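**Q** Take this sequence and fold it.
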Amino acid sequence: MNVLVCHNFYRHAGGEDSVFHEEVRLLESYGHHVVCYTRRNDEFDGQSKLRLSMNAVWNRATANELAELVRRENIQVAHFHNTWPLISAAGYSAVRRAGAAVVQTLHNYRLLCPGGTLCRQGKVCEACVGKVVPWPAMRHGCYRYSRSASTIMASATVTHRMLGTFRRHVDRFIALSEFARDKFQAAGLPRNKLVIKPNFVIPPTNLTTEAGGNYALFVGRLSPEKGVQPLLAAWRDHAPSLPLKIVGDGPQSELVESEAGRNPRMEYLGRRAPREVYELIRGAAVLVVPSVNYEGFPRTIVEAFAVGTPVIASRLGSMIELIEDGCTGAFCEAGNPASLVAAVNRLAADPAKREQMGMAAKDEFQRRYTPERNHAQLLSVYDQAVRERALTFAASRFTGASASRNRSRPATTAPVVANVVSDMKHS
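**A** Have a look, this model is predicted:
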């Protein structure tokens, strides 16, 4: 299959960037012809705010480039990851008219929330969900802590929502969990176009660290929605039985570094290479994921499963689906340091249970999150998207031809045409 994969890289690398790279490598390893179209956020340095805001809503130049790629490379499916801000949703209709079906992975909740996390000030926030214009996000500056940036983000989303871009020009949306699918459906995306396909990971081979060490580990972006402050409070105020290692960087890096400098039971390791992260996860007694937002798909949970490390996570959002309580890990209450420490202490006191959980976690990884399983799921999504586009365009041509004939025929034929089109759409 000929696939165009589109992604706007973030200024600071994150999970979406990793998924883009891994899915491209996966498709290529199975012999698919993959063409990548990428942009980077540092490209807009020096651009005027007016130009940037216009392109974020509708980037005509990018849309033309994508359409040309589809025609030149005979692309069958265009798979979009992040389109913000330099690709824009204008790319959907451009590639679709040029002949490709459109797939969009919903890595975050940006279509519902300009901040993308459904979280504000360390708490779940759905103030913008269901609103035509997300005034709360604009007022609070939820995107990049900026009112102006939030307004541009909101303008792009509102414009394309009013144009019907997401409903009309995307053939399949990939939701990463049932929870996410239900959220997007409730917000208006067609359920028949929402497909659940979790991400996958490829753990490195020949890891040397002995499994099941004597420390708890946090790996992730150091930002409020990840539960950094409750995490620090847990090890500062409640004396858990395991020391804590923290891997990652982000806007709260200085806070973490300062706290770790005062607490001998806490070690801040900064950002580490992927293989070293896996070694640290494998060597941990438990991975902690204390997020205070719903999360899209926390890759670190699956990375822990891959190397047999149990996970303690907040009982919230998509994390509830990923972890089987008492089998592959345990839950704590989001934003509650005492609850997190209690869960850590329970597992720290029972090495046999941790080992049992680790084996169950590995089994879960093999069942659901391997590259082989993901490739089969991805191809199924692509096939559905191609059929959806073909059906839609066939219906469009049929109704167009019928409308032309109906100019000289009685209007009573219109309901018949409508019924035929409806049957085609649901066959």
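**Q** Surely residue 106 is in contact with residue 175?
**A** Yes: judged on CB atoms under 8 Å, residue 106 makes contact with residue 175 at a distance of 5.4 Å. For the C-beta atoms, the positions are set from N, CA and C on the backbone; glycine is no exception.
**Q** Could you name every residue contacting both of those two?
**A** Common neighbours of residue 106 and residue 175, counting by CB atoms under 8 Å, 6 or more residues apart in numbering, are residue 184.
**Q** where does this protein dip in pLDDT?
**A** Applying pLDDT under 70 to the chain flags the ranges 44-48, 397-427.
**Q** Report the contact partners of residue 95.
**A** Applying CB under 8 Å, 6+ apart, the residues near residue 95 are 4, 66, 67, 69, 70, 75, 78, 102.
**Q** could you redo the last one with a cut-off of 7 Å?
**A** Contact analysis of residue 95 by CB atoms under 7 Å, 6 or more residues apart in numbering lists 4, 66, 67, 70, 78, 102.
**Q** Tell me which of these fall in helices.
**A** Among the contacts of residue 95, the ones falling in helices (DSSP state H) are 66, 67, 70.
**Q** Just the buried subset of those residues, please.
**A** Buried by 16 or more other CB atoms under 10 Å: 66, 67, 70, out of the ones in helices among the contacts of residue 95.
**Q** From those residues, pick the one nearest residue 225.
**A** Ranked by distance to residue 225 (CB to CB), these are led by residue 66 at 31.5 Å.
**Q** which residues sit in contact with that closest one?
**A** 6, 37, 78, 91, 94, 95.
**Q** ok, now how distant is it from residue 56?
**A** 16 Å (CB to CB, to the nearest Å).
**Q** Next: residue 49.
**A** Using CB to CB, we find residue 49 at a distance of 10 Å from residue 56.
**Q** Which residue of the two possesses the greater neighbour count?
**A** residue 56 (22 against 11; other CB atoms under 10 Å).
**Q** Off-centre distance for stretch 111-130?
**A** Offset of stretch 111-130 from its chain centre (CA atoms, centre = their mean, to the nearest Å): 15 Å.
**Q** now do stretch 336-356
**A** With CA atoms, centre = their mean, you get 28 Å for stretch 336-356.
**Q** Buried residues, it. List them.
**A** Quick answer for stretch 336-356 (16+ other CB under 10 Å): 336, 337, 339, 340, 341, 342, 343, 344, 347, 348, 354.
**Q** and those as a markdown table, adding secondary structure and distance to residue 126?
**A** Formatted as a markdown table, those follow (DSSP: H, G, I helix; E, B strand; the rest coil; distance: CB to CB, whole Å):
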| residue | secondary structure | distance to residue 126 |
| --- | --- | --- |
| 336 | coil | 20 |
| 337 | helix | 24 |
| 339 | helix | 23 |
| 340 | helix | 24 |
| 341 | helix | 29 |
| 342 | helix | 28 |
| 343 | helix | 26 |
| 344 | helix | 30 |
| 347 | helix | 32 |
| 348 | helix | 35 |
| 354 | helix | 36 |
